[in-house]
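>>> Here's a sequence, model it:
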Amino acid sequence: MHDSEMHSDSEDQQMIAGDMTLPQRFLAPWRKAAFVLGVCCSLYYMWVALVGIRYPQLDRSLFIFFGIALTFCLKPIRGGGLLVRCIDGALILVSLFATYHFNVRYDDFLEMVGAPITTLDAACAWLLIAACLEACRRVLGWSIPVLAVCFLIFLRFGSYVPPPMTHMDFDWSTIASYMYAGTDGLYSDLTYVLASQMFLFLVFGTFLMRAGAADYFARTSVALFGTRVGGTAKASVFSSAIIGSITGSAAANAAIVGTVTIPLMKSAGFKPHVAGGIEAAASTGGTILPPVMGVAAFIMVALTGIPYSTVAAYSILPAFFFFLCMYAQVHFYSRRNGLSGTPRSELPPRRETVLGGWYYVLPIVVIVTMVFLHFSLAFTALCAIIAAFITSWLNRTTHMGVRATLETLAKGSENALPIMVVAGPVAIMSECLLLPGTGLRITGLIIDLAHGNLAVTLLLVYIIAYVLGMGLSVVPAYIILATLAAPALIQLHVPILAAHLLVIWWSQASNIKPPVALAVYVTSSIAKSGLWETGWAAVLKAAGLFFIPVLFVYQPAIFFDGSTTAIIVTILTISAGIIVCAGAIEGFLFHKLTILARIALGCGGAVLCLGYNWVSISIGAALAAVTLLIPGSMLRVSAPHNATP
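Sure, this is the predicted structure:
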């Protein structure tokens, strides 16, 4: 990604200097073409949001095409010359023709879903699939395209696969028919959700950041939390939560906020990899916090039929628990390592900073209000974009004229490239699982391996999620988990909402677990730290991402299921348990703790979190209290004041 940007920058500099070869003169207009495509893409889907969906086949197919065309314009192959760029241009034209051909033949395709198609249809299908996979490779790397190819091979040669995954073979023409000739495959509901809903929220995030919201929320966070113990890290957690809930992207959030918070954390005494890990973890947490959340939440709406307002409402309390855990971890880490706050004289004035940009909250209010009034998500995003545009005019330094507006529209499409290029490959993988019924077989296999035991099933689902998270980004990881693992939990009587939120949370871990770890790539580059050490620091600081979802299954009160008293008691005991667990993870709670004390304290916190009656709650509280109150060296560690956990 960075190589492509550097390549484009060098082209622009050479063009300005006027010293260009013929190939360089040919390559120079690509970014201008990307600008026009980006503006057209944003405006088209804003128009669809305004007038409603009239031609679903056109909306879905154009989304795939825009992703391919923008990628080939903005992400050239490193070292590629005139010939390679000519091939890129040819692929764009072929993709355009395949998109046009699909829309012309759409009515015919509806009558022959899955049936053999003409040679021209098949050629369009496979060329478009190839372009989709190559675009995804250039933006997100090799893992997703390679996995999609493996799924296609699995579908073609199913009779050679060992039981219980064996299925009849699908010939290449039939596969092309399913993938291209209809509103399945490339143009499935997944593409519809990303095109008609999530895309515009990413454009909205770009508009709000262009209006100056990122700087305001970062400065406000520093002004409010900077003087406290570990204040700069707490400011990172707070600002990342707010901005992440707007942008819906962990990597974008980390890039926006991290440039401000990571240098501040380093200057306050945090080690570079810890500063990068905290920012990556907090940015990932922002994608599970309403109102916008992340891509997976929108896909969940399409898969389950649960209204987005319901998903958002039931996500508030779990997100609160995540940030409570992370805030407590940052506090205990800072206490253990003697990291004090920043003097008030070095921070922005609190009152003036908070009141100086109050209007940046208005677009967020628009989203919350319209979501809970059940307006369509596309129209909600459109209104939020308009609100962000108006907000920019309340500050003379950020107001957007015609040129700035067009640039922001183009930048919004560019920021959405990760979801545009992943739509095709992930839809292919999903179709390859659904067509031969493999998803149902794997679901049954998981239940059989667990012997119908819910706890063992959760463990198996976690293992699958962990492995997927090390090789796939959030969207494909969630799609596979939602297809294979969530149904196993649902068959064991876990509510649909709880099962899908659980796999959403566990799929988010791919933002922080190397080697994928998109958010960690961003923060480690800002912090100038190693990828793996930053990734493991992020995993540690985002510990709540792994254990809090278990509560979705065992604590129904977390979704407000139960009496008022039960809900209040559950919230209080889980909060206490999370704080105790945070202390155990960081090795500090009132004083430094030995490994033995941390294990005992962690057990007490876990019992508090999972307690379902007064007896279990009392046992957890007693275990935590005894661990903390028994004096003596066996519970304390006489490590140096600045020891690292």
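>>> Number of residues surrounding residue 568?
12 (other Cβ atoms under 10 Å). (Each C-beta comes from the backbone N, C-alpha and C, glycine too.)
>>> how much space between it and residue 576?
13 Å (Cβ to Cβ, to the nearest Å).
>>> Residue 341 too?
Distance from residue 341 to residue 576, by Cβ to Cβ: 25 Å.
>>> How about residue 515?
Distance from residue 515 to residue 576, by Cβ to Cβ: 37 Å.
>>> Show me which helix runs longest in the protein.
Of all the segments of type helix in the chain, defined by DSSP state H, the longest one is helix 308-336.
>>> and that helix, what's its mean pLDDT?
The average pLDDT within helix 308-336 is 92.
>>> which element follows that helix toward the C-terminus?
helix 350-355 (DSSP states H and E).
>>> relative to helix 308-336, how tilted is the next helix or strand after that next one?
Using DSSP H and E, the helix or strand that directly follows helix 350-355 along the chain is helix 362-372. Angle of helix 362-372 versus helix 308-336, following axes from the mean of the first three to the mean of the last three Cα atoms, to 10 degrees, is 130 degrees.
>>> what's the next secondary structure element after helix 362-372?
Next along from helix 362-372, by DSSP H and E: helix 377-392.
>>> Rounded mean pLDDT for that next one, please.
92.
>>> Return the list of helices and strands in contact with it.
helix 30-51, helix 199-210, helix 362-372 (3 or more Cβ pairs under 8 Å, 6 or more residues apart in numbering; DSSP states H and E).
>>> Now do the buried residues in the first one.
Right, the one you point to is helix 30-51. 30, 33-35, 37-42, 44-46, 48-49 (16 or more other Cβ atoms under 10 Å).
>>> residues in contact with residue 139?
When contacts are counted by Cβ atoms under 8 Å, 6 or more residues apart in numbering, residue 139 touches 1, 71, 75, 417-418, 421.
>>> Which of those residues fall within helices?
Reading helices off the contacts of residue 139 with DSSP H, I get 71, 417-418, 421.
>>> Quick check: the two most widely separated of these?
Maximum pairwise distance in those, criterion Cβ to Cβ, is 10.2 Å, between 71 and 418.
>>> Mean pLDDT and distance to residue 436 for the helices and strands packed on helix 377-392 - can I get that in CSV?
Shown next, in CSV, are the helices and strands packed on helix 377-392 (pLDDT from 0 to 100; distance: least, Cβ to Cβ, whole Å):
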stretch, mean pLDDT, distance to residue 436
helix 30-51, 92, 34
helix 199-210, 90, 31
helix 362-372, 89, 38
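>>> Switch those helices over to a markdown table; also include distance to residue 472.
Output for these, formatted as a markdown table (distance: least, Cβ to Cβ, whole Å):
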| stretch | distance to residue 472 |
| --- | --- |
| helix 30-51 | 25 |
| helix 199-210 | 20 |
| helix 362-372 | 29 |
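>>> Could you say which one of these comes nearest to residue 311?
Nearest to residue 311 among the helices and strands packed on helix 377-392 is helix 362-372; the distance by Cβ to Cβ comes to 9.8 Å.
>>> quick one: buried residues of that closest one?
363-364, 366-368, 370-372.
>>> give the contact list for the nearest residue to residue 378 once chain neighbours are set aside.
Spatially, and ignoring its direct neighbours in sequence, residue 378 is nearest to residue 49 (3.8 Å; Cβ to Cβ, 6 or more residues apart in numbering). By Cβ under 8 Å, 6+ apart, the contact set of residue 49 is 196, 200, 376, 378-379, 381-382.
>>> Pull out the buried members of those residues.
Buried among the contacts of residue 49 by 16+ other Cβ under 10 Å: 196, 200, 376, 378, 381-382.
>>> and which of those residues is nearest residue 503?
The closest of the buried ones among the contacts of residue 49, once distances to residue 503 are taken by Cβ to Cβ, is residue 196, at 23.0 Å.
>>> can you tell me how far that closest one sits from residue 381?
Counting by Cβ to Cβ, the gap from residue 196 to residue 381 is 9 Å.
>>> the helices in the stretch 151-300 of the chain, which residues?
172-180, 189-193, 199-210, 213-225, 231-247, 250-267, 272-286, 295-304 (DSSP state H, counting those that start in this stretch).
>>> quick one: average pLDDT of the longest one?
Which is helix 250-267. So the average pLDDT for helix 250-267 ends up being 84.
>>> for that helix, packing partners?
Against helix 250-267 (3+ Cβ pairs under 8 Å, 6+ apart) you get helix 199-210, helix 213-225, helix 231-247, helix 272-286, helix 518-527.
>>> try it again with 10 Å
helix 199-210, helix 213-225, helix 231-247, helix 272-286, helix 402-415, helix 518-527 (3 or more Cβ pairs under 10 Å, 6 or more residues apart in numbering; DSSP states H and E).
>>> that older thread, higher neighbour count, residue 515 and residue 576?
residue 576 (19 against 14).
>>> which residue sits closest to the more buried one in space, ignoring its chain neighbours?
Nearest non-adjacent residue to residue 576 (Cβ to Cβ, 6+ apart): residue 608, at 5.5 Å.
>>> Burial check on that neighbour, number of neighbours?
By other Cβ under 10 Å, neighbour count at residue 608 equals 26.
>>> need the contacts of residue 49 in JSON lines with distance to residue 496, can you?
Formatted as JSON lines, those follow (distance: Cβ to Cβ, whole Å):
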{"residue": "196", "distance to residue 496": "23"}
{"residue": "200", "distance to residue 496": "26"}
{"residue": "376", "distance to residue 496": "22"}
{"residue": "378", "distance to residue 496": "24"}
{"residue": "379", "distance to residue 496": "26"}
{"residue": "381", "distance to residue 496": "25"}
{"residue": "382", "distance to residue 496": "29"}
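>>> Could you check how far residue 441 is from residue 167?
9 Å.
>>> Could you check which helix or strand contains residue 452?
Going by DSSP H and E, residue 452 is not in any helix or strand.
>>> and the closest residue to residue 431 other than its chain neighbours, what pLDDT?
Nearest-residue entry for residue 431: residue 185, 4.9 Å, with adjacent residues in sequence omitted and distances by Cβ to Cβ, 6+ apart. In the prediction, the pLDDT value recorded for residue 185 is 84.
>>> what sits against residue 512?
Residue 512 makes contact with 250, 254, 277, 280-281, 283-285, 469, 518-520, 523, 534-542, 545, according to Cβ atoms under 10 Å, 6 or more residues apart in numbering.
>>> As CSV, could you dump the C-alpha coordinates of stretch 144-156?
Listed next in CSV are the C-alpha coordinates belonging to stretch 144-156 (Å, rounded to 0.1, in the frame of the first residue of the first chain):
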residue,chain,number,x,y,z
ILE,A,144,-7.8,-13.7,1.1
PRO,A,145,-7.4,-14.3,-2.7
VAL,A,146,-5.4,-17.5,-2.1
LEU,A,147,-8.1,-18.8,0.2
ALA,A,148,-10.8,-17.8,-2.3
VAL,A,149,-9.0,-19.8,-5.0
CYS,A,150,-8.8,-22.8,-2.6
PHE,A,151,-12.6,-22.6,-2.0
LEU,A,152,-13.2,-22.5,-5.8
ILE,A,153,-11.0,-25.6,-6.2
PHE,A,154,-12.9,-27.3,-3.4
LEU,A,155,-16.2,-26.6,-5.1
ARG,A,156,-14.9,-27.9,-8.5
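>>> quick one: it to chain centroid distance?
23 Å (Cα atoms, centre = their mean, to the nearest Å).
>>> Could you tell me the end-to-end distance of stretch 511-522?
In stretch 511-522, first residue to last residue: 10 Å (Cα to Cα, to the nearest Å).
>>> buried stuff in that stretch?
In stretch 511-522, counting by 16+ other Cβ under 10 Å, buried: 511-514, 516-522.
>>> And the residues you listed, which two are furthest apart?
513 and 522 (14.5 Å).
>>> Can you pull out the low-pLDDT segments for the stretch 501-645 of the chain?
628-645 (pLDDT under 70).
>>> Let's see the host helix or strand of residue 98 as PDB, backbone CA atoms only.
Per DSSP H and E, residue 98 falls inside helix 82-104. Taking C-alpha atoms only, helix 82-104 is exported to PDB below (Å, rounded to 0.1, in the frame of the first residue of the first chain):
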ATOM      1  CA  LEU A  82       4.200   0.800 -19.300                       C
ATOM      2  CA  LEU A  83       3.200  -2.800 -20.200                       C
ATOM      3  CA  VAL A  84       1.900  -3.600 -16.700                       C
ATOM      4  CA  ARG A  85      -0.100  -0.400 -16.600                       C
ATOM      5  CA  CYS A  86      -1.500  -1.200 -20.000                       C
ATOM      6  CA  ILE A  87      -2.600  -4.600 -18.600                       C
ATOM      7  CA  ASP A  88      -4.200  -2.700 -15.700                       C
ATOM      8  CA  GLY A  89      -6.100  -0.600 -18.200                       C
ATOM      9  CA  ALA A  90      -7.200  -3.600 -20.100                       C
ATOM     10  CA  LEU A  91      -8.500  -5.300 -16.900                       C
ATOM     11  CA  ILE A  92     -10.500  -2.100 -16.000                       C
ATOM     12  CA  LEU A  93     -12.100  -2.100 -19.500                       C
ATOM     13  CA  VAL A  94     -12.800  -5.900 -19.300                       C
ATOM     14  CA  SER A  95     -14.400  -5.400 -15.900                       C
ATOM     15  CA  LEU A  96     -16.500  -2.600 -17.200                       C
ATOM     16  CA  PHE A  97     -17.700  -4.700 -20.100                       C
ATOM     17  CA  ALA A  98     -18.400  -7.700 -17.800                       C
ATOM     18  CA  THR A  99     -20.400  -5.300 -15.600                       C
ATOM     19  CA  TYR A 100     -22.300  -3.900 -18.600                       C
ATOM     20  CA  HIS A 101     -22.900  -7.400 -19.900                       C
ATOM     21  CA  PHE A 102     -24.300  -8.600 -16.600                       C
ATOM     22  CA  ASN A 103     -26.800  -5.800 -16.400                       C
ATOM     23  CA  VAL A 104     -27.900  -6.300 -20.100                       C
END
